[in-house]
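Student: Need coordinates for the below:
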Amino acid sequence: MSSSKIIIKHALLITLLIGGFFFTCKLLGLEENPYLRFLNLLFVLIGIKQAIKTNIFENKETNYSANLGIGIQTSVAAVILSIIGIVVYVKFINPQFLTVMNNSFLIGGDLSLAEIVLTLLIEGMASSVIGAFIIMQFYKNYDKKNYRNKKENI
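Tutor: Just a heads-up that it's a prediction; the model follows:
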């Protein structure tokens with residue numbers, strides 16, 4: 001599977017998980033609870049892990065930088081898709097949600113939609129890079145043992 005397909009597939013997975021979680025919270029009346037936003041990071045980490053794992057097992061790619069890049073690109077794409085989803089939701093479905101976001105301790109203040117988008121973009125990019133580095137700690141030495149064994153047998 002090509003790298004771009006891996007990135008798109010897992011970015012969509014992350015976006016669907018975050019969106020599904022948001023709508024579940026809305027159905028339960030919990031959409032105003034800012035602490036639940038921290039679970040979005042869990043969904044991002046799951047998507048990054050799956051993207052890197054797919055790249056390792058399907059493309060046989062064990063290069064640290066390549067897999068780190070897949071992880072970062074996947075989560076950045078998911079952040080952008082999620083932000084687009086938020087903009088569509090606020091603009092066309094529930095404009096009052098902007099007030100909910102402004103009252104959140106995570107954003108706080110009287111920000112416009114553009115300022116909230118910028119805030120979410122910065123927050124998302126930071127969590128993308130950090131999340132990819134965290135996941136890569138599990139895969140950084142992957143296949144090095146097999147490589148050493150193959151080298152010794154030659």
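
Student: Sort out which residues of the strand or helix carrying Leu16 are buried, please.
Tutor: Using DSSP states H and E, Leu16 falls within helix 3-27. Going by neighbour count (16 or more other C-beta atoms under 10 Å), the buried part of helix 3-27 is 3, 6-8, 10-11, 13-19, 21-22, 25. All C-beta atoms are positioned from the backbone trio N, CA, C, and that covers glycine.

Student: what does stretch 36-54 give?
Tutor: By neighbour count on 16+ other C-beta under 10 Å, the buried set for stretch 36-54 is 37, 40-41, 43-54.

Student: re earlier: gap between the next helix-or-strand element following the helix holding Leu16 and the chain center?
Tutor: Sequence order places helix 39-59 as the next helix or strand after helix 3-27, per DSSP H and E. With C-alpha atoms, centre = their mean, to the nearest Å as the basis, helix 39-59 stands 9 Å off its chain's centre.

Student: Going by contacts, tell me the helices and strands next to helix 39-59.
Tutor: For helix 39-59, the packing partners by 3 or more C-beta pairs under 8 Å, 6 or more residues apart in numbering; DSSP states H and E come out as helix 3-27, helix 64-88, helix 113-139.

Student: Quick one, grab the pLDDT at the residue lying closest to His10 once chain neighbours are set aside.
Tutor: Distance criterion C-beta to C-beta, 6 or more residues apart in numbering; nearest residue to His10, sequence neighbours excluded, is Ala51 at 3.9 Å. pLDDT, Ala51: 96.

Student: For Ala51, give me its contacts.
Tutor: Applying C-beta atoms under 8 Å, 6 or more residues apart in numbering to Ala51 gives the contacts Ile6, Ile7, Lys9, His10, Ile70, Gly71, Thr74.

Student: Distance-wise, check the second one relative to Phe57.
Tutor: In other words, Ile7. To Phe57, Ile7 is 16 Å away according to C-beta to C-beta, to the nearest Å.

Student: Next: the third one.
Tutor: Distance, Lys9 to Phe57, by C-beta to C-beta: 14 Å.

Student: One more: the first one?
Tutor: Shown here: Ile6 relative to Phe57, a distance of 11 Å by C-beta to C-beta.

Student: Report the contact partners of the residue nearest the centre of the chain.
Tutor: Residue closest to the average C-alpha location in the chain (C-alpha atoms, centre = their mean): Val44, at 3.2 Å. The contact partners of Val44, by C-beta under 8 Å, 6+ apart, come to Ile14, Ile18, Ser75, Ala78, Val79, Ser127, Ser128, Gly131.
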